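**Student:** Dropping the sequence and predicted coords here.
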Amino acid sequence: MKFKFTIFPNSKSASVFLAHKIADLVKAQPQLNLGLATGSTPLETYQALIDLSHDLDYSAVNTFNLDEYVGLEYANKQSYHYYMLHNLFLHLKTFKLANSHFPTLDHDYDQLIKSHGGIDLQILGIGTNGHIGFNEPGSSADSLTRKVQLTATTIADNARFFADQSLVPTHAVSMGLHSIMQAQKIYLVAFGKSKAPIIKELLAQQQFDLNLPASILLEHADVEILLDEAAASEL
Ligand code: GLP
């Protein structure tokens, strides 16, 4: 099995491409269920989506975020709730905040997604250690939404968003690999030189490797990987 991937000249052109795909789906399917990611990678996609949103109706769209830190107030600027509100939701005039969903420790997120009919389109970033969502190396193929412990690599990577590394949460709630695999269509996006080594490793995989969680996507029928030239520089 092989991954389908496209190399764009830069992150902006890849993000505009993805935003158009999403906007087209919202138009065609107003009750779309969107699976959303956080981190720096999707920021330009969200901006492009906002720019495309003027004549689009988001009122029946439901969103399902991949993960959230444990132990951060939602009002904390580093929480994924805050990120989504300020980088997307508050800028989509017709979007209803009640239709946005995040995994928590106290409800069955996989069941909630199922009861809405499943995720139609899932956006994923990738960690430098190959994680998707917060499924760190060692996550099993049948993992569902659960509390996870973050690895030292992830804590160090995410420290750039916090005043001090000691403030980075050590745990998160994340959709599992099995949960992610239920989406109809998946776009995995990677930008920048820091992602080049893991992208090289991922594209060389032939089958799921427990040490590289994103390799589970080899078993999905409809995955596209979008890269900028920097992330593709070791291919
Ligand atoms: C974070 C998130 C992931 C994200 C990844 C990459 O820890 N939990 O969902 O895809 O790491 O982040 P970035 O896009 O900032 O490189």
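**Tutor:** Received the coordinates, thanks.
**Student:** For the rest of this, base every contact and every neighbour count on C-alpha atoms.
**Tutor:** Noted.
**Student:** Low-confidence regions, this structure specifically.
**Tutor:** 1 (pLDDT under 70).
**Student:** With the ligand in mind, check whether the longest helix along it reaches it.
**Tutor:** In the chain, assigned by DSSP state H, the helix with the most residues is helix 11-28. No: Helix 11-28 lies out of reach of the ligand by C-alpha under 6 Å from any ligand atom, never closer than 11.5 Å.
**Student:** For that helix, name the packing helices and strands.
**Tutor:** Counting contacts by 3 or more C-alpha pairs under 8 Å, 6 or more residues apart in numbering; DSSP states H and E, helix 11-28 is packed against helix 43-51, strand 223-228.
**Student:** Can you list the strands that the shortest one pairs with?
**Tutor:** This points to strand 223-228. Sheet pairing of strand 223-228 (DSSP bridges) gives strand 4-8 (parallel), strand 185-190 (parallel).
**Student:** Centre of the chain to the shortest one, how far?
**Tutor:** Meaning strand 4-8. Strand 4-8 has its C-alpha centroid displaced from the chain centroid by 17 Å (C-alpha atoms, centre = their mean, to the nearest Å).
**Student:** which residues are contacting that strand?
**Tutor:** 14, 223-229, 232 (C-alpha atoms under 8 Å, 6 or more residues apart in numbering).
**Student:** quick one: which of these has the most company?
**Tutor:** Neighbour tally across these (other C-alpha atoms under 10 Å): the maximum, 27 neighbours, falls on Leu227.
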